[in-house]
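Q: Just a sequence and a predicted model for now, questions to come.
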Amino acid sequence: MPCEKKPMRYGHSEGHTEVCFDDSGKFIVTCGNDGDVRIWEGLDDDDPRFITVGEKAHSLALKNGKLVTASSNNTVQIHTFPEGEPDGILTRFTTNATHVTFSRSGSRVAAASSDFLVKVVALSDSSDQKTLRGHEAPVLSVSFDPRDQLLASSSCDGSVVVWNIEDQVTRWTLLKKSSDVSNAKSLCRLAFQPPSGKLLAVPVEEKVHLYERDTWSHVTTLSDDLSTQVMNVVCWSPCGKLLAAASVGGVITVWDVGSKLCVERQKHEKGFTVCALAFSPCGSQIAYTDTEGCLGLLEGVSSGAAPDRSKSAESAAARDYDDLFDEDEDGLMDEGESPLKRPGPEEEEPIPSTGRVRNRAAFLDDDNSLGTNAPQRLVRDVPGKRRSCHTPVSLRPVYDGPMPTPPQRAFQPGSTPAHLTHRFMMWNSVGIVRAYNDDQDNAVDIEFHDSAVHHAMHLSNTLGHNVADISQEAVLLGCPGTDELASKLQCLHFSSWDNHKDWLVDLPHGEDVRALCLGVGWAAVATSAPLLRLFTSGGLQREVFSLSGRVVCLSAHGDQLCVVYHRGTGFDGEQCLGVQLLSLGHRRRQILDQPLPLSPRSHLSWMGFSAEGTPCSVDSEGVVRMLNRSLGNTWTPVCNTRDTCKSKSDHYWVIGVHENPPQIRCIPCKGSRFPPTLPRPAVAVLPFKIPLCQTSTEKGQMEEQYWRSVLLHNHHSFLSVNGYALDQDALSHSLKEQQELLMKMFALSCKLEREFRCVELAEMMPQNLVTLAIKYASRSRRMALAERLSKIALEKAQEDQEEEHEEEHEEEHSGFLLVLWCALGAKSLGITGLEHCTDNPLYSCYSIFIHSVSSGASPAQPRVANVLDNIPHRKSAPLTSSSKTKKSPVLKPLAPRAKSKTGFQLWLEEHRKSILAENPDLEETDVIKEAMGRFRSLTAEERLVRGHYEQKEVKTYVCPLTPQVSHCAHC
């Protein structure tokens, strides 16, 4: 009967993991790239105990209450089990230890390392150790002989060596060579057969080779036709009859060694590489882990062998049951012609050569079957008789579709994992916050890049803060709650001008800090509720609102707040994240709320803002994305940090993004995803590169440079809209760069005779650049192209003129509205006398308004009526008597702008004669250009008053809306 595969669960961070059982089989023990050893009381244990052994844990072994681990600090450590108390360092290497294993008696430990050495150390006395030399590359794995006489090892140099603890016994070259363990195609976890050590199993390519002890001859090969991937690890059952192997493609195969038949085959639910296997002491379970840090379990593993001769009646019944399905197919075997069908009285009957398990005890039935939650075996009520084959027997339905992805945990961008004893709580453009939690000290160090902002600080971490953020104004710290104490939020507001520089807030009971960030004048905290709480820098509570899902991270810049949360459940390794961007300035609003794009089967590793205020994200695949505000708030990939990594195990840890100059500031991490705190890591700078096609060609390079420049130019408009000072030099340099690239692409297209492409480029150019393109086309003797470009230039000139007219009209319209608003307020308050202030430049407009109201807005004056239509009614101020007695005119919608004359047109009508008198040879278009130049030279006051274009002295007058002051906000 096939074994039952339990759903996998998250155990460690992404990377190499290992697994083993304890001697009793009660606990499953795993280790991984996060540096933790976790102790599971079964696969359903939601709160496993853990032991932190270092930055990374590469291997582990467990025997007789002693846990041995190979960690990233080049040591092999001992801990007590299950207490997890440190029990000393067993041995050291010059590089990472790669694999450890116990001898069968538990008295010695063998350890392999990347410095080409294998050490055998006595557990009772670490000074009693032997070093085996002979490999010419990092050692992949080691395995003790069950008799404790021999030791086998495999290496990246392609060799497999058997030692007698003193010298080499034999050596084979079986594997493909590699330079490092991380680059090896297979871990080649070899193993001796228990309990006698008669055979040595070695995974070689897609097969498993078995070598006989003493003679060391190759006796047989185990393979599976359905497994086409390289075998990675092998593991024997405690009885030595079954051999399990796992491939890099995620296929787990179990063979019966006696019959050389495959009795079990299971595939990883996501196809990830299985990097560790372990049989339980009873042999009925197989635990396995993958390179994504997940733990799985196979239950009900058996060889499928039939019972012995003493139960002949039961065997006959089983054979009759098989005959119902096999008939002629297995006839020869049933008649005893196969030697495998006649075992001795003390032998177990192996599986038939057909590869099927002898007793099919469970089968799928029709819809009338009785449903159960577990597979059922064939039940025999009376010896020699079996239940009818029509008895309903069912299997639990197997879901073979996409599997849900464990949701990503909340994290702080710019921080390293919280389980590390020495870690970065925050690293950003302002400073660094480090946390130390060891036997000597439990403290937080705060360092500023610019010492002028604040001096460095050393704080005692008695509250157990695990999240932090730092800005130019303050440092914000958060700690989780306990059964007795509430989760706390502490702020060190060093920019405060009073004597109280810090404040502390207790969150409601049962609500923990998950993420936090600092903006300009405010702080935000996301909790487990899930709520987002806002505070001022001084500790005043502001708004509280619910999040749309569990928070992943927060980041802030100025008045902007970015929230990343879980929108739903992801499948097949995908995370379903959403991003919400809020503006917490004077106009509080939500800018966007949309899904956050990530690379396939990746998770978010950093989220923040560029130094200029553009949201950016980085996923675990190293893809950096930037928000493109000019393209509907879409996300554009601007860099892939993996392209510059020398090894698959190398990564870049991003700490900041700049648009001017364009660069990504990050820390290179060799063989890991996070940097160590000591020594202080060096910061590297990576350039931007948009992933366009064919960037190796000249055309592709110029296209990438142009669109990169356009993307990075967007922050100038954002800064100007939000009132920030612009770097005019950078703005002009960006525009100049774009124009040069457009002309270069235009010249290249002309050279390649791509005239249609030239026209497309011209449409992207400003008017002055189109003129230059016309000259280039004319000199290149492409007159048809020059003619088309001249039409485009004319259209762009008209568009520019229309935009100028619209701007002028809006300016006049807004000024006229302001005057009329003041006049309406004066009339509603009963204030008179403003019409007599002839020295006031607003007198003429006021007179127009008074005339329109007193005479009634006739249909012949739609423009004045439209202006009144846009003025809001003041309910608190009573209207005058004249407005009550007369009916309000029917106001019509705004008339088209083409029918109403602008201020420039009115001015031109009055001054046309004088312009023609001075320049009688001018044509109509030249007259308009000359008039436009003169009109632009006029001040706003000269343009505003019709008929009075000479600037007059502005005298102080009393505003009709606020008579108590000389000037108000309206005036």
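A: Okay, I see it.
Q: Let me see the backbone angles for residue 428.
A: Residue 428 has phi and psi values of phi -140, psi -160 when expressed as degrees, to the nearest 10.
Q: so it makes contact with residue 475?
A: No: between residue 428 and residue 475 there is no contact, the gap being 11.5 Å when judged by Cβ atoms under 8 Å. Just so you know, the C-beta spots here come from the backbone N, C-alpha and C atoms, and that holds for glycine as well.
Q: neighbour-wise, which of the two wins?
A: residue 475 (26 against 21; other Cβ atoms under 10 Å).
Q: Show me what the residue nearest to the more buried one when sequence neighbours are not counted bridges to in the sheet.
A: Closest residue to residue 475 in three dimensions, ignoring its sequence neighbours and counting by Cβ to Cβ, 6 or more residues apart in numbering: residue 492, at 4.4 Å. Residues found in beta-bridge contact with residue 492 (criterion: DSSP bridges) are residue 475, residue 502.
Q: Find me the pLDDT at residue 492, would you?
A: What the model reports for residue 492 is a pLDDT of 95.
Q: For it, grab the count of nearby residues.
A: Using other Cβ under 10 Å, residue 492 is surrounded by 19 other residues.
Q: what does residue 732 give?
A: There are 10 residues near residue 732, going by other Cβ under 10 Å.
Q: helix or strand for it, which one?
A: Following DSSP states H and E, the helix or strand that holds residue 732 is helix 728-751.
Q: if we can go back for a sec, shared neighbours of residue 428 and residue 475, anything?
A: Shared contacts of residue 428 and residue 475, defined by Cβ atoms under 8 Å, 6 or more residues apart in numbering, are found at residue 469.
Q: coming back round to it: for residue 445, see how far away the residue nearest to residue 475 is.
A: Applying Cβ to Cβ, to the nearest Å, the value for residue 492 to residue 445 is 13 Å.
Q: shared neighbours of these two, which are they?
A: Listed contacts common to residue 492 and residue 445 are residue 457; contacts here mean Cβ under 8 Å, 6+ apart.
Q: was I right about the residue nearest to residue 475 contacting residue 500?
A: No: here residue 492 does not reach residue 500: they are 11.0 Å apart, not a contact under Cβ under 8 Å.
Q: Residue nearest the middle of this structure, spatially speaking?
A: By Cα atoms, centre = their mean, the chain has its centre lying nearest to residue 604, at 1.6 Å.
Q: pLDDT score for it?
A: At residue 604, the predicted lDDT confidence score is 97.
Q: is it true that it touches residue 597?
A: No: the criterion here is Cβ under 8 Å, and residue 604 misses it with residue 597 at 10.4 Å.
Q: centre of the chain versus stretch 200-217, how much separation?
A: Centroid separation between stretch 200-217 and its chain, computed with Cα atoms, centre = their mean, to the nearest Å, is 43 Å.
Q: Give me the distance between residue 29 and residue 213.
A: Applying Cβ to Cβ, the value for residue 29 to residue 213 is 30 Å.
Q: show me the contacts for the residue nearest to residue 475.
A: Residue 492 makes contact with 457, 474, 475, 476, 477, 501, 502 under the criterion Cβ under 8 Å, 6+ apart.
Q: ok, now how distant is residue 664 from residue 730?
A: In this structure, residue 664 and residue 730 are 18 Å apart, going by Cβ to Cβ.
Q: quick one, which of these two is more surrounded?
A: Counting neighbours by other Cβ under 10 Å for residue 664 and for residue 730 shows that residue 664 has the greater number, 22 against 17.
Q: Tell me the secondary structure at the more buried one.
A: At residue 664, secondary structure determined by DSSP: H, G, I helix; E, B strand; the rest coil is strand.
Q: Surely it and residue 685 touch.
A: Yes: the pair residue 664 / residue 685 is scored as a contact, 7.0 Å apart, by Cβ under 8 Å.
Q: is it true that residue 301 touches residue 242?
A: Yes: with contact taken as Cβ under 8 Å, residue 301 and residue 242 are classed as touching, separated by 7.2 Å.
Q: where do the contact lists of the two overlap?
A: What both residue 301 and residue 242 touch, as defined by Cβ under 8 Å, 6+ apart, is the set 254, 279, 283.
Q: In this structure residue 703 contacts residue 691, no?
A: No: proximity of residue 703 to residue 691 does not meet the contact threshold set by Cβ under 8 Å, at 11.6 Å.
Q: Mind listing what's buried along stretch 489-507?
A: For stretch 489-507, the neighbour count (16 or more other Cβ atoms under 10 Å) marks 489, 490, 491, 492, 493, 494, 496, 503, 505, 507 as buried.
Q: hmm, I was thinking of stretch 198-216
A: In stretch 198-216, the ones that count as buried by 16+ other Cβ under 10 Å are 198-204, 206-211, 213.
Q: Show me the shaky parts of the stretch 401-550 of the chain.
A: Across the stretch 401-550 of the chain, nothing is flagged by pLDDT under 70.
Q: let's see it at 90
A: Along the stretch 401-550 of the chain, the model assigns pLDDT under 90 to residues 401-403, 417-421, 437-441, 451-453, 482-484, 495-501, 510.
Q: Okay, residue 505 and residue 476: tell me how far apart.
A: Between residue 505 and residue 476 the computed distance is 11 Å (Cβ to Cβ).
Q: Need the residues touching each of these two.
A: Contact criterion Cβ under 8 Å, 6+ apart; residues bridging residue 505 and residue 476 by contacting each: 489, 490.
Q: sorry, back to before: mark which of the buried residues of stretch 198-216 are part of helices, please.
A: Among the buried residues of stretch 198-216, the subset assigned to helices under DSSP state H is empty.
Q: how many other residues sit next to the residue nearest to residue 71 when sequence neighbours are not counted?
A: Nearest-residue entry for residue 71: residue 54, 3.3 Å, with adjacent residues in sequence omitted and distances by Cβ to Cβ, 6+ apart. Applying the criterion other Cβ under 10 Å, we find 20 residues in the vicinity of residue 54.
Q: What of the one 10 residues further on?
A: Look at residue 64: counted by other Cβ under 10 Å, it has 12 neighbours.
Q: residue contacts, it?
A: The neighbours of residue 64, taking Cβ under 8 Å, 6+ apart as the test, are 23, 106.
Q: Phi first, then psi, for it.
A: Residue 64 adopts backbone torsions of phi 50, psi 40, taken as degrees, to the nearest 10.
Q: any idea how far it lies from residue 700?
A: Between residue 64 and residue 700 the distance, using Cβ to Cβ, works out to 64 Å.
Q: Equivalent analysis for residue 626, please.
A: When Cβ to Cβ is the yardstick, residue 626 and residue 700 sit 20 Å from each other.
Q: Among these two, which residue is more densely surrounded?
A: In this comparison of residue 626 against residue 700, neighbours counted by other Cβ under 10 Å, the higher total goes to residue 626 at 24 against 13.
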